[in-house]
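Student: Fold the stuff below for me.
(one chain, ligands or ions: 1)
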Amino acid sequence: RTAAETDWLLLALVVVSALVLVLVFGLMLYFGWRFRAGNPMRRRPLPTRTFGLEVGWTAATMLAFFVLDVWAADLYLRQMHAPEGAMKIAVTAKQWMWKAEQPNGVREINLVHLPVDRDIEIVMTSEDVIHDFSVPAFRIKRDVLPGRYTMIWFHTTRTGRFRLYCDQYCGLDHALMVGHVIVMPAAAYRDWLDHPGGDAASPAEGAAP
Ligand SMILES: [Cu+2]
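Tutor: Numbers count the residues shown, from 1 in each chain. Have a look, this model is predicted:
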C-alpha cells in the first residue's frame with residue numbers, strides 16, 4: 001500500500017527537481033541569448049540590492065524540498081511501524097538463502113507464501129553477515145543484521161509471484177540469494193498451509209525439511 005505512495009514521492013521529487021533545473025537553465029540560456037554581444041539592448045546599471053530576490057528564491061526551493069523531506073520521513077516512519085494485528089512472518093537470512101517461518105511453524109526456503117489483502121510484518125534476523133530483504137514490487141527493502149531483529153511491513157494488495165532479492169552484497173553467492181514472495185487468495189493460502197509441498201515450477205525451492 002505504501003508502494004504507490006513511494007512512487008508518488010519519487011515522481012514529486014523528479015518533477016520538483018526538473019522544474020528547478022528548467023528554471024535555472026532556462027533563465028541562463030535566455031539571458032545569455034538576450035544579452036548576447038552585439039545585440040542592441042538598453043543596459044541599465046546592475047542592481048546592487050538583490051537581497052529580497054535571493055532570499056526569496058533560496059527559501060522557495062528550500063521549502064519545496066523540505067516538504068518532500070517531511071513527506072519522505074513520514075512515509076519511512078510509517079513503514080517502520082506495523083499496524084496492530086499484522087500477520088508475523090519470521091525470516092532468517094544466511095549465506096546464501098532466505099528461510100521463512102509461517103505463524104503456525106510451517107517453514108520454507110527462498111519462498112514466502114502469503115494471503116492477499118492482509119497486513120504482513122516480516123521480522124528478520126541473520127545467522128551470519130548483513131543481508132538485505134528486498135521486494136522491488138512492494139517498494140520495500142531493509143537490512144537484515146546478525147544478532148538483532150529488524151522488521152518491515154506491507155499490505156498485500158493483489159495475488160501474484162514477486163521477486164525477492166538480497167540487496168546487500170554478502171559473499172560469493174550473493175547474486176543467487178533470491179526467492180519469491182507468493183501472494184495467494186485466502187482460501188488457497190489456507191490450503192497451502194495444510195499441505196505445504198514443494199513448488200512444481202521450481203523444484204529447488206520449497207518447504208524446508
Ligand atoms: Cu545476502
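
Student: Which stretches in this structure count as strands?
Tutor: Counting by DSSP state E, the segments of the chain that form strands are 87-94, 97-101, 107-109, 111-115, 119-126, 131-135, 140-144, 150-155, 160-166, 178-184, 206-207.

Student: Now do the first one: which elements does it pack against?
Tutor: Which is strand 87-94. Under the contact definition 3 or more C-beta pairs under 8 Å, 6 or more residues apart in numbering; DSSP states H and E, strand 87-94 sits against strand 97-101, strand 111-115, strand 119-126, strand 131-135. All C-beta spots, glycine's among them, are computed from the backbone N, C-alpha and C.

Student: ditto for the fourth one
Tutor: For strand 111-115, the contact count by 3+ C-beta pairs under 8 Å, 6+ apart identifies strand 87-94, strand 97-101, strand 178-184, helix 186-194 as packing neighbours.

Student: Give me the contact list for that strand.
Tutor: If you take C-beta atoms under 8 Å, 6 or more residues apart in numbering as the criterion, strand 111-115 is touched by 87, 89, 91, 98, 100, 102, 120, 122, 156, 164, 179-186, 189-190, 192-193, 196, 199, 205-206.

Student: And for the first one?
Tutor: Contacts of strand 87-94 from elsewhere in the structure, counted by C-beta under 8 Å, 6+ apart, are 98-103, 112, 114-115, 118-128, 131, 133, 144, 166, 170, 177.

Student: cool, stretch 63-83 as well?
Tutor: Contact partners of stretch 63-83, identified using C-beta under 8 Å, 6+ apart, comprise 2, 5-6, 9, 12-13, 16, 20, 119, 121, 140, 151-153.

Student: Buried members of the residues you listed into PyMOL, please.
Tutor: Of the contacts of stretch 63-83, the buried ones go into a single PyMOL selection, burial set by 16 or more other C-beta atoms under 10 Å:
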select buried, resi 2+6+9+119+121+140+151+152+153
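
Student: Lowest pLDDT pick from the contacts of stretch 63-83?
Tutor: Confidence by pLDDT is poorest for Thr2 among the contacts of stretch 63-83, given 71.

Student: Who's the closest spatial neighbour of that one, skipping the chain neighbours?
Tutor: Leaving out its chain neighbours, the residue that sits closest to Thr2 by C-beta to C-beta, 6 or more residues apart in numbering is Gln79, at 5.7 Å.
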